[in-house]
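Q: Fold the following, please.
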Amino acid sequence: MIKKYPLLLFLLICYPHSSGEPLQKQAHNQYVNREFRKAAATNLAILADTASSAHHRQYATQMLGTIYENHLCNFDSALIWYHRFTDRYARGGQKTFYKKKIAFLESLGEQEKKGYTILQKAIYATKDSLAQIALLEEGLAAAPELPNRTDILKLLSHKAFEAKLYAKAYTTMLELRETDPELIKGEEMLHRFEMVQSIWRKSIMARLFWVVVILLLLAVLPTVPYGKLTVKAWKTLGILCGAAVLLGIVGIIIYLTKIHMLDHNPFPKHAIFIAALLLPAITVWTFLARFSIIGRVSGRAGIVVLPLLSLLLTYITIFLFSYHQQKRVKIFTEFGERYEHWFTGTPEGSNYEEEE
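A: Numbering: from 1, shown residues only. Got it, this is the predicted structure:
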């Protein structure tokens, strides 16, 4: 029969069946459904079943160690099952991996176990980035001497970057660099560090620019003698605002018909409407500035001062507009690469693609 049906022999060898098969499927489904205590009990049942095959026993032993370490945070029980798996089943690189894991768990003191419990919850118990960050910081504070502290700092910096908490990501990377300078020298980590550092610096610039904007507004809008403005002045202001509105409408039409579908467009649809509203706002400020305290104090110097202040306000507005977009990292990278040739002589254009 074996000679006649070799495929049947192959299937019997590759897919052995025993009473442990349904229990293993049950344990797997319970694990996937995050019923970890039930999964642990089912894996224990597999080991208690004398009819279970070696394959099922290996699976159950390995899973018990994983469940107790990562999900139930019972590290003493995890050590028992890791030792048993390493002694009976692990081979080659797998044996080396589990020996390191055993050594790590055995090195934990009582305080480190508390911190590691919090860290395991951050990694495995929640998918919310902000909750993970809070738990990671709590775990690091509870166990400052945790043996794998650098790995946790790397994870924290990654989660903070994902959550767009660039200041936190930057301070975490600085701590990583102080702990082990070699960790930041890798190509990927160095690129991430430089990007986060750049965004962190821009966040400081954004705060300073908001102060400048508020000061410029306070120097103009409350100090204009509106009652003394002539009808001609109001008409001129109306014409300028109308021109700004028309320019904004043209920009919206161009954006909606040609730009918003481009691969490298970092601005959402609502952003272009905000930009269109900013045009008349800057126009109003520029026009009224000559009647405000700035114009009255500067006198003839206002011929130079007022245009410079208008340019400054325009630049600040563009910067803050870009900074407060959801894809500000991509925006600044795109603009930086596109206009880098102005300063370095490199070819114009960008090959940057954002990972999302």
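Q: Only the buried residues of the longest helix seen in the chain, if you could.
A: The residue-count maximum for a helix in the chain (DSSP state H) belongs to helix 187-220. By neighbour count with 16 or more other Cβ atoms under 10 Å, helix 187-220 contains the buried residues 189, 192-193, 195-196, 198-200, 202, 206, 209, 213, 216, 219-220. For the C-beta atoms, the positions are set from N, CA and C on the backbone; glycine is no exception.
Q: ok, which pair from the residues you listed is furthest apart?
A: Pairwise distances across these peak at 46.3 Å for Met189 and Val220 (criterion: Cβ to Cβ).
Q: before we move on, back to that, tell me the helices and strands packed up against the longest helix of the chain.
A: For helix 187-220, the elements it packs on are helix 149-162, helix 166-179, helix 269-289, helix 293-298, helix 302-323, helix 328-338, judged by 3 or more Cβ pairs under 8 Å, 6 or more residues apart in numbering; DSSP states H and E.
Q: and the angle from the first one to helix 187-220?
A: Helix 149-162 and helix 187-220 are oriented at 50 degrees to each other (axes from the mean of the first three to the mean of the last three Cα atoms, to 10 degrees).
Q: before we move on, what about the fifth one?
A: Taking the same axes, to 10 degrees, one finds that helix 302-323 is oriented at 140 degrees with respect to helix 187-220.
Q: Alpha carbons only: can I get helix 302-323 in CSV?
A: In CSV, the C-alpha atoms belonging to helix 302-323 read as follows (Å, rounded to 0.1, in the frame of the first residue of the first chain):
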residue,chain,number,x,y,z
GLY,A,302,8.7,103.1,7.5
ILE,A,303,9.4,103.0,3.8
VAL,A,304,12.0,100.3,4.7
VAL,A,305,10.6,99.0,8.0
LEU,A,306,7.1,98.2,7.0
PRO,A,307,7.9,96.1,3.9
LEU,A,308,10.5,94.2,5.9
LEU,A,309,7.9,93.5,8.7
SER,A,310,5.4,92.5,6.0
LEU,A,311,8.0,90.0,4.6
LEU,A,312,8.8,88.7,8.1
LEU,A,313,5.1,88.2,8.8
THR,A,314,4.6,86.4,5.5
TYR,A,315,7.6,84.1,6.1
ILE,A,316,6.4,83.4,9.7
THR,A,317,2.9,82.6,8.5
ILE,A,318,4.2,80.2,5.8
PHE,A,319,6.4,78.5,8.4
LEU,A,320,3.6,78.1,11.1
PHE,A,321,1.1,77.0,8.4
SER,A,322,3.5,74.2,7.4
TYR,A,323,4.5,73.4,10.9
